[in-house]
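Colleague: Okay, sequence plus prediction incoming.
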Amino acid sequence: DQQVKQNSPSLSVQEGRISILNCDYTNSMFDYFLWYKKYPAEGPTFLISISSIKDKNEDGRFTVFLNKSAKHLSLHIVPSQPGDSAVYFCAARRAEGAQKLVFGQGTRLTINP
Amino acid sequence: EPEVTQTPSHQVTQMGQEVILRCVPISNHLYFYWYRQILGQKVEFLVSFYNNEISEKSEIFDDQFSVERPDGSNFTLKIRSTKLEDSAMYFCASKLRSSSNTEAFFGQGTRLTVV
């Protein structure tokens, strides 16, 4: 049941450049999307989110873009910093019910100095 | 900053034993969740809890699992008879309210190893 997919298991980016992490989903009932960042031996930490009524949300160096027709979202980090090295999870949920999160497999981002 | 805390950080148990994982959600939050992540796999939803009852559970959450909020602060996950395949990181999460544009906050996790 791959409702949320992150097709790139890893990504390596030079410090100062833009990091782009991608996520696709299949369930059209999802209406809220989140990105979490995870360091080893820690829990996921909320990064940024976007509602399905928007196509862009920006918070400092982080911007999330949503393309509903393509069922695709992306996270842009610019400029990338060494502290951004972590695993990034895309997650989605529906408005009603328990609002459980459905996660992608994660993308390991490595920022090279 | 308020945070979700989980204990223990690592639990080793023998197959067939009962184990209780503990969580203290953020104090004014109303919605509570357990997720797990088997090594190398994605984070999976187990169960959600609101108003002292389970609001949704996944197919993973069978009769061997139970949750409880025994007092105003703790939220526990019990596995009655552990199996090798229960070995995973277990994450507790809490959320303030049901409105769509609020995020869930996660604890640091409990690594459960069943031997």
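Modeller: Sure thing, it's come through. What you see is a predicted model; the values in this text were computed from it and never measured.
Colleague: Doesn't residue B:85 lie inside a strand?
Modeller: No. The assignment for residue B:85, made by DSSP: H, G, I helix; E, B strand; the rest coil, is helix rather than a strand.
Colleague: Distance check, it against residue B:47.
Modeller: Between residue B:85 and residue B:47 the distance, using CB to CB, to the nearest Å, works out to 17 Å. The way it works is simple: take the backbone N, C-alpha and C, and place the C-beta from them, glycine included.
Colleague: More neighbours: those two, which one.
Modeller: Taking other CB atoms under 10 Å in any protein chain shown, residue B:85 and residue B:47 do not tie; residue B:47 has more neighbours (21 against 10).
Colleague: which strands and helices sit next to the helix or strand harbouring that one?
Modeller: The secondary structure element spanning residue B:47 is strand B:43-50 (assigned by DSSP states H and E). On a contact count with 3 or more CB pairs under 8 Å, 6 or more residues apart in numbering or on different chains; DSSP states H and E, strand B:43-50 meets strand A:102-103, strand B:31-37, strand B:53-57, strand B:65-68, strand B:75-79.
Colleague: which neighbours does the last one have in its sheet, and in what orientation?
Modeller: Yep, that's strand B:75-79 we're talking about. Sheet partners assigned to strand B:75-79 using DSSP bridges are listed as strand B:19-24 (antiparallel), strand B:65-68 (antiparallel).
Colleague: okay if I get these as a markdown table plus distance to residue B:34, mean pLDDT and mean neighbour count?
Modeller: Formatted as a markdown table, the entries for the strands paired with strand B:75-79 read as follows, by distance: least, CB to CB, whole Å; pLDDT from 0 to 100; neighbours: other CB atoms under 10 Å in any protein chain shown:
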| stretch | distance to residue B:34 | mean pLDDT | mean neighbour count |
| --- | --- | --- | --- |
| strand B:19-24 | 8 | 97 | 19 |
| strand B:65-68 | 7 | 96 | 16 |
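Colleague: Excluding sequence neighbours, find me the nearest residue to residue 28.
Modeller: Reading this off chain A. residue A:71 (7.2 Å; CB to CB, 6 or more residues apart in numbering or on different chains).
Colleague: Chain B was what I was after
Modeller: When the adjacent residues along the chain are set aside, residue B:28 lies closest to residue B:96, with 6.7 Å between them (CB to CB, 6+ apart).
Colleague: Can you check the pLDDT for the one you found?
Modeller: The model reports residue B:96 with a pLDDT of 86.
Colleague: tell me the contacts of it?
Modeller: Residues near residue B:96 by CB atoms under 8 Å, 6 or more residues apart in numbering or on different chains: B:26, B:28, B:29, B:30, B:31, B:102.
Colleague: Scan these and report the most crowded one.
Modeller: With neighbours set by other CB under 10 Å, the maximum within the contacts of residue B:96 is found at residue B:31, which has 21 neighbours.
Colleague: Go ahead and confirm that one touches residue A:101.
Modeller: No. Under the criterion of CB atoms under 8 Å, residue B:31 lies out of contact with residue A:101, with a separation of 11.5 Å.
Colleague: residues from chain A in reach of chain B?
Modeller: For chain A, the residues found near chain B under the criterion CB under 8 Å from any CB of the partner chain are A:31-32, A:34, A:36, A:41-46, A:49, A:51, A:89, A:91, A:93, A:95, A:97-106.
Colleague: List buried residues within those residues.
Modeller: Buried members of the residues of chain A next to chain B, counted by 16 or more other CB atoms under 10 Å in any protein chain shown: A:31-32, A:34, A:36, A:43-46, A:49, A:89, A:91, A:93, A:98-106.
Colleague: ok, back up a step: what pairs with the strand holding residue B:47, and is each one parallel or antiparallel?
Modeller: Note on strand B:43-50: by DSSP bridges, its sheet partners are strand B:31-37 (antiparallel), strand B:53-57 (antiparallel).
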